[in-house]
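# what would the 3D arrangement of this be:
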Amino acid sequence: MRLSLYTGLILAGGYTCLTPALAADPTGDWRVADGVANIRVAQCNGSMWGAVSWEKQPGGRDENNPDASKKTRPTLGMATLIDMKKKPGVDQWEGQVYNAKDGQLYSATITPSGADQLEIKGCVMGFLCGGETWTRVGPPIPLSTANAMAKGAPKPTGAAPKAQGTMGATAAPAPAAPKSATAPTKPGQKAAADPVGDICLLPEIAGFAH
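I've put the predicted structure just below:
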């Protein structure tokens, strides 16, 4: 039985000139298998997190969430990979994945496959596992002050950190679903406004209780 991972919400393009040293880095923007969204992955508070950074069909809502208060929340900026921890001795992270197609959380792992593919596998109660391969559409994301800050550490003062995604825009604390989503640009193209920015600053991720 194949578990469909929406995460299920990307655009042509890719980065194929990455150095071997970055081959095991899961951060960056990734196209999900069915091509309907980008998931931005970044290290936040020592864990890997992923959030929807672009939608092929803008204005999506989390309508299948069993929590009635979340059914109208925008899927843009919604966390999909949750608190994924590095497994000792291997280039693999494990945690949870949120499947917006059924509103459920599943145990999951992410494993880089070379520089431009990310294998994601989810399981229900340790069995009925399925997965898919995502394709890189944005380069790895360097640690920002927000990304590197451990929970409980003093917060930085001054201006908010710049976004660390492919667009380089300042992160919005609570992104709303835009009227039209702008897809990431290919190398050499002029960057457009990034409605998500640094995902570590999103309330759902920044406020996660460890």
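# Arg61 and Leu105, how far apart?
18 Å (CB to CB, to the nearest Å). The way it works is simple: take the backbone N, C-alpha and C, and place the C-beta from them, glycine included.
# so for the two, which sits in the more crowded spot?
Arg61 (16 against 12; other CB atoms under 10 Å).
# which residue packs closest to the more buried one, ignoring adjacent ones?
Nearest in space to Arg61, with sequence neighbours left out and distances taken as CB to CB, 6 or more residues apart in numbering, is Thr72 at 5.6 Å.
# run through the residues that contact the one you found.
Contact analysis of Thr72 by CB atoms under 8 Å, 6 or more residues apart in numbering lists 61-63.
# repeat that for 10 Å
61-63, 65, 177 (CB atoms under 10 Å, 6 or more residues apart in numbering).
# quick one, phi/psi of Ile205?
Main-chain dihedrals, Ile205, degrees, to the nearest 10: phi -90, psi -50.
# can you pull the pLDDT of it?
pLDDT, Ile205: 95.
# could you look up the SS state of the nearest residue to Ala206 once chain neighbours are set aside?
Of all residues not flanking Ala206 in the chain, Cys200 sits nearest, at 6.4 Å (CB to CB, 6+ apart). Recorded secondary structure, Cys200: helix (DSSP: H, G, I helix; E, B strand; the rest coil).
# any regions of the protein where pLDDT drops low?
1-23, 126, 144-192, 209-210 (pLDDT under 70).
# now do the strands in it.
28-31, 37-44, 47-55, 79-86, 93-99, 104-112, 117-124, 127-136 (DSSP state E).
# can you dump the C-alpha coordinates of the second one into CSV?
Included here for strand 37-44 are C-alpha records, laid out as CSV according to Å, rounded to 0.1, in the frame of the first residue of the first chain:
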residue,chain,number,x,y,z
ALA,A,37,4.4,22.2,-4.6
ASN,A,38,7.9,23.1,-3.4
ILE,A,39,8.9,22.1,0.2
ARG,A,40,11.6,24.2,1.7
VAL,A,41,13.8,22.2,4.2
ALA,A,42,15.9,24.0,6.8
GLN,A,43,17.7,23.2,10.0
CYS,A,44,15.8,24.9,12.9
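# what's the angle from that strand to strand 93-99?
Comparing the axes of strand 37-44 and strand 93-99 via axes from the mean of the first three to the mean of the last three CA atoms, to 10 degrees yields an angle of 140 degrees.
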